[in-house]
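1. after the sequence you'll find the predicted model.
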Number of protein chains: 2
Amino acid sequence: MGKQMTEMLKGTLEGIVLAILSVRPAYGYEITARLREQGFSDIAEGTVYALLVRFEQKGLVDVEKVPSEKGPPRKVYSLNAQGQEYLEEFWRTWSFLAGQLEQLHGGGR
Amino acid sequence: MGKQMTEMLKGTLEGIVLAILSVRPAYGYEITARLREQGFSDIAEGTVYALLVRFEQKGLVDVEKVPSEKGPPRKVYSLNAQGQEYLEEFWRTWSFLAGQLEQLHGGGR
DNA sequence: ACTGGTACATAGTAGCACTGAATAGCGGCG
DNA sequence: CGCCGCTATTCAGTGCTACTATGTACCAGT
């Protein structure tokens, strides 16, 4: 992955994963796989897990341990009310930024 | 400024400033002021200067010292060919990310 | 002399994604 | 049985970026 993408993901990946969780609960390995399918070709697994731990510490998600048929138990994360609020704040911030950049991109040539 | 914005700017501010320079050459103080006018309410001056130094080190800009009527000489930065290329790469990366997020935002509710 | 606006610079801090490795459970294959 | 491969999580260490806070310097108006 390009260096630009790596830096751009800072603060954005957080929102992406929250958005994924807002659709339905999921666990780390699953999220990583889904991200890869969606074109974020090599987002490191470690990155996603670290992100989820942060969510938990911030109290944005609820966690439930679910035994898996294949492998160790899964930690299923679901967005709670505070997480929803945080996600909405994220969209507001994103929209502002996207608007500014669109202006620069469109008007700049 | 919110913490979310701070993190989101990482990797993005770089592109924003490059885009500003692509319209016409500018110097640090001017860029900071323009960013503030455009709604990035408190982007620190130091941040912009550090960014410009990085641009110079990466060889994305040409620099010219121009004496100012009011205060110390200005360092006027202008985008060179390599900088243009880097900016285009930035837009490609940005477009991909914006597209993915739009999908998540629109489809997610 | 003092204040305020212009203009640049830098040391230190915090946060986030990446690297690389370790741990652990389960199934299948030789 | 022992090894490999897939699933699944965790963690220490690194690099990059934006922020904070401060300092330097130049000039005009009072």
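-> On my side now, so go ahead.
2. give me every residue that touches the spatially most central residue of chain A.
-> Nearest to the geometric centre of chain A sits residue A:17, at 1.7 Å (CA atoms, centre = their mean). By CB atoms under 8 Å, 6 or more residues apart in numbering or on different chains, the residues touching residue A:17 are A:31, A:35, A:48, A:51, A:52, A:55. C-beta coordinates here come from the backbone N, C-alpha and C atoms, glycine included.
3. of these, which pair is most distant in space?
-> Pairwise distances across the contacts of residue A:17 (CB to CB) peak at 15.2 Å, for the pair A:35 and A:55.
4. confirm the residue nearest to the centre of chain A sits in a helix?
-> Yes - under DSSP: H, G, I helix; E, B strand; the rest coil, residue A:17 sits within a helix.
5. gap between it and DNA strand D?
-> Relative to DNA strand D, residue A:17 is positioned 12 Å away (CB to the nearest atom of the strand, to the nearest Å).
6. again, but for residue A:15
-> In terms of CB to the nearest atom of the strand, residue A:15 sits 16 Å off from DNA strand D.
7. what about the closest residue to that residue other than its chain neighbours, how many residues close to it?
-> Closest residue to residue A:15 apart from its sequence neighbours, by CB to CB, 6 or more residues apart in numbering or on different chains: residue A:90 at 4.0 Å. Neighbours of residue A:90 under the rule other CB atoms under 10 Å in any protein chain shown: 22.
8. how about residue A:90, what does it touch?
-> Counted by CB under 8 Å, 6+ apart, residue A:90 has contacts A:14, A:15, A:18, B:4.
9. same question for residue A:72.
-> By CB under 8 Å, 6+ apart, residue A:72 has no neighbours at all.
10. state the distance from it to residue A:51.
-> Going from residue A:72 to residue A:51 by CB to CB, to the nearest Å gives 19 Å.
11. all helices for chain A, in order.
-> A:3-9, A:12-23, A:28-37, A:45-58, A:81-107 (DSSP state H).
12. reformat the ones you listed as JSON lines; add mean pLDDT.
-> As requested, the helices of chain A are exported to JSON lines (pLDDT from 0 to 100):
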{"stretch": "helix A:3-9", "mean pLDDT": "94"}
{"stretch": "helix A:12-23", "mean pLDDT": "97"}
{"stretch": "helix A:28-37", "mean pLDDT": "94"}
{"stretch": "helix A:45-58", "mean pLDDT": "96"}
{"stretch": "helix A:81-107", "mean pLDDT": "94"}
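13. give me whichever of these is most buried.
-> helix A:12-23 (a mean of 21; mean count of other CB atoms under 10 Å in any protein chain shown).
14. what angle sits between it and helix A:28-37?
-> On the basis of axes from the mean of the first three to the mean of the last three CA atoms, to 10 degrees, helix A:12-23 is oriented at 110 degrees to helix A:28-37.
15. gap between helix A:12-23 and the chain center?
-> Centroid separation for helix A:12-23 versus its chain: 3 Å, with CA atoms, centre = their mean, to the nearest Å.
16. does DNA strand C sit close to that helix?
-> Yes - using CB under 7 Å from any atom of the strand, a contact is recorded between helix A:12-23 and DNA strand C, made by A:12, A:13, A:14.
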